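Q: Predicted model, plus sequence, below.
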2 protein chains.
Amino acid sequence: MARKTAKTYHHGDLREALIKAGRALLEKGGVEALTLRACARKAGVSHAAPQHHFASINDLLADIAATGFEDFVKALNKAAARAPSPVERLKAMGLGYVAFARERPAVYQLMFGVAAPLSSERLRAAKAAAWEQLANLVSEAAGPEDKEAKAMQVWSAVHGFSMLLISQRLPTMINVSRTLDRVVNGLAPAIGAQP
Amino acid sequence: MARKTAKTYHHGDLREALIKAGRALLEKGGVEALTLRACARKAGVSHAAPQHHFASINDLLADIAATGFEDFVKALNKAAARAPSPVERLKAMGLGYVAFARERPAVYQLMFGVAAPLSSERLRAAKAAAWEQLANLVSEAAGPEDKEAKAMQVWSAVHGFSMLLISQRLPTMINVSRTLDRVVNGLAPAIGAQP
DNA sequence: TCCTTAACTTGACAGTGACTAGATGTGGAT
DNA sequence: ATCCACATCTAGTCACTGTCAAGTTAAGGA
């Protein structure tokens, strides 16, 4: 479809190359290292080349965040796959959620931590998929009534813990694994799910 | 102690003036508007003047965040003051927490949303005060055993919801007030507090 | 083959945080 | 009262950022 390696004037697949470069920069140096010009350099093009594919840096960030959400959904699916019951799956997903945030804090921070919410079609779809997954699981575990609010309850708990953890806002005396246990085990009771 | 208005070469109280300017910028234009040079302009000094009072912009941001925490503690105290029982106080504090985040999202985002954790003595003290307040309340409501983990549970839930809310990450179909009710009413049961 | 047009480069601009060197004035020691 | 060390502030510069404008290159349909 598109030559990736050939050193031509026209890159051929610059859009995806920029996203890939951005992901690498993000993993390596955090959100601060993720600049438009750095992405361009890494992709081997001039600093203004991205203009044609992304109207502003936010559009690029949105697509990078979208790939993060895609990975996120996969990770949650994988985590929940082996659990036998809905409640067990809820716990497993909670653990998988926090694990993802801990393992890839920069990506998670981009997905949730940026002041202005990013937007792109790809990002919208990826977010919708993640939400769908959660809402369905909550519905299975605790019944369909008021499932959105229940899902938000679950989401708030794991998201809040993840954010506090990776942004290093936790008081020093906190025992992380014990607290994580409490948070995860508190999910099902909070939404009235029977084990 | 220090003249504030006199137009002298030496400002007299530039440190506090910069913090005050920063707070104003933050409220008006969000985190993005909060730059070192803008603070200097608003305080009526040259762009390099802050250097002597704050080694880097992060030190200034840390002190601005500290004033946010000081306000935060006051707001939570006020919210919990009228409630009769520990459990009621917990709910009231949860509502006050989310209300603060909604009313002053930029400040809240600075306090919790920045990638690198800020640090200053003033910030450390303010954060410690907030944590103390929460841990004590949780201890009153649900007993002293494992109170740190329980406090984290409560904190995670309200923080997560607040962050998702103010960063506009909530799915569109979510009923905010109903969800807030669920989150707040779920706090006491989650930590095993008797009403 | 030409020629429209998308893709890319080059150069510029205003803005940022940080650093340096020099100007200024304050307050303590004499 | 005088002087001077030192904290404070200004002015200028640097490397970096995102964005825009204008020119260059080549791809692909007529």
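A: Great, that's in hand. Note that the structure is predicted; figures quoted are calculated from it, not measured.

Q: any idea how far DNA strand D is from the residue nearest the centre of chain A?
A: Residue closest to the average C-alpha location in chain A (CA atoms, centre = their mean): residue A:69, at 4.2 Å. Residue A:69 sits at a distance of 21 Å from DNA strand D (criterion: CB to the nearest atom of the strand, to the nearest Å). In this view, the C-beta of every residue, glycine as well, is placed from N, C-alpha and C.

Q: SS state for that residue?
A: With DSSP: H, G, I helix; E, B strand; the rest coil as the basis, the three-state label of residue A:69 is helix.

Q: What is the neighbour count of the closest residue in space to it that isn't next to it in sequence?
A: Counting by CB to CB, 6 or more residues apart in numbering or on different chains, residue A:69 lies nearest to residue A:126, which is 3.5 Å off, once chain neighbours are set aside. Applying other CB atoms under 10 Å in any protein chain shown, we find 22 residues neighbouring residue A:126.

Q: go on, residue A:37?
A: 12.

Q: Tell me which stretches of chain A form helices.
A: Taking DSSP state H, the helices of chain A run over residues A:14-29, A:36-43, A:57-81, A:86-103, A:105-112, A:121-142, A:147-166, A:176-185, A:187-190.

Q: Tell me which of the ones you listed sits nearest to residue B:16.
A: helix A:147-166 (29.6 Å; CB to CB).

Q: Can I get the closest one as PDB, trimmed to CA atoms?
A: C-alpha atoms of helix A:147-166 as PDB (Å, rounded to 0.1, in the frame of the first residue of the first chain):
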ATOM      1  CA  LYS A 147     -26.000   0.500  34.800                       C
ATOM      2  CA  GLU A 148     -24.400   3.800  33.600                       C
ATOM      3  CA  ALA A 149     -24.200   5.200  37.100                       C
ATOM      4  CA  LYS A 150     -22.900   2.000  38.500                       C
ATOM      5  CA  ALA A 151     -20.300   1.800  35.700                       C
ATOM      6  CA  MET A 152     -19.200   5.300  36.600                       C
ATOM      7  CA  GLN A 153     -18.900   4.300  40.200                       C
ATOM      8  CA  VAL A 154     -16.500   1.500  39.300                       C
ATOM      9  CA  TRP A 155     -14.600   3.600  36.800                       C
ATOM     10  CA  SER A 156     -14.200   6.500  39.300                       C
ATOM     11  CA  ALA A 157     -12.700   4.200  42.000                       C
ATOM     12  CA  VAL A 158     -10.100   2.600  39.700                       C
ATOM     13  CA  HIS A 159      -9.400   5.700  37.800                       C
ATOM     14  CA  GLY A 160      -9.000   7.800  41.000                       C
ATOM     15  CA  PHE A 161      -6.600   5.300  42.500                       C
ATOM     16  CA  SER A 162      -4.600   4.900  39.300                       C
ATOM     17  CA  MET A 163      -4.200   8.700  38.900                       C
ATOM     18  CA  LEU A 164      -3.200   9.200  42.500                       C
ATOM     19  CA  LEU A 165      -0.700   6.400  42.200                       C
ATOM     20  CA  ILE A 166       1.000   7.300  39.000                       C
END
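
Q: can you pull the buried residues of that helix?
A: Going by neighbour count (16 or more other CB atoms under 10 Å in any protein chain shown), the buried part of helix A:147-166 is A:147-166.

Q: Leaving out chain neighbours, which residue sits closest to the residue of chain A found nearest chain B?
A: Closest residue of chain A to chain B, CB to the nearest CB: residue A:160 (2.6 Å). Nearest residue to residue A:160, sequence neighbours excluded (CB to CB, 6+ apart): residue B:160, at 2.6 Å.

Q: and chain A, which residues reach DNA strand C?
A: Proximity of chain A to DNA strand C (CB under 7 Å from any atom of the strand) is limited to residues A:9-12, A:14, A:40, A:45-49, A:51-53.

Q: can you count the residues close to the nearest residue to residue A:186 once chain neighbours are set aside?
A: The shortest distance from residue A:186 to any non-neighbouring residue, by CB to CB, 6+ apart, is to residue B:190 (4.5 Å). Taking other CB under 10 Å as the neighbour definition, residue B:190 ends up with a count of 23.

Q: related to what we said a few turns ago, these two touch, right, the residue nearest to residue A:69 and residue A:71?
A: No - under the criterion of CB atoms under 8 Å, residue A:126 is not in contact with residue A:71, lying 9.3 Å apart.

Q: Run a quick neighbour tally on the closest residue to residue A:129 other than its chain neighbours.
A: Nearest residue to residue A:129 in three dimensions, chain neighbours excluded: residue A:73, at 5.2 Å (CB to CB, 6+ apart). Residue A:73: 18 surrounding residues under other CB under 10 Å.

Q: Does residue A:73 touch residue A:126 like I think?
A: Yes - under the criterion of CB under 8 Å, residue A:73 makes contact with residue A:126 at 7.0 Å.

Q: who touches both of the two?
A: Counting by CB atoms under 8 Å, 6 or more residues apart in numbering or on different chains, residue A:73 and residue A:126 have no shared contacts at all.

Q: And the contacts of stretch A:106-113?
A: A:23, A:26-27, A:30-31, A:34, A:61, A:64-65, A:68-69, A:71-72, A:100-101, A:159, A:162-163, A:166-167, B:113, B:115, B:163-164, B:167, B:169.

Q: Return the members of those residues classed as buried.
A: Burial by neighbour count, judged by 16+ other CB under 10 Å, picks out A:23, A:26, A:30-31, A:34, A:61, A:64-65, A:68-69, A:71-72, A:100-101, A:159, A:162-163, A:166-167, B:113, B:115, B:163-164, B:167 from these.
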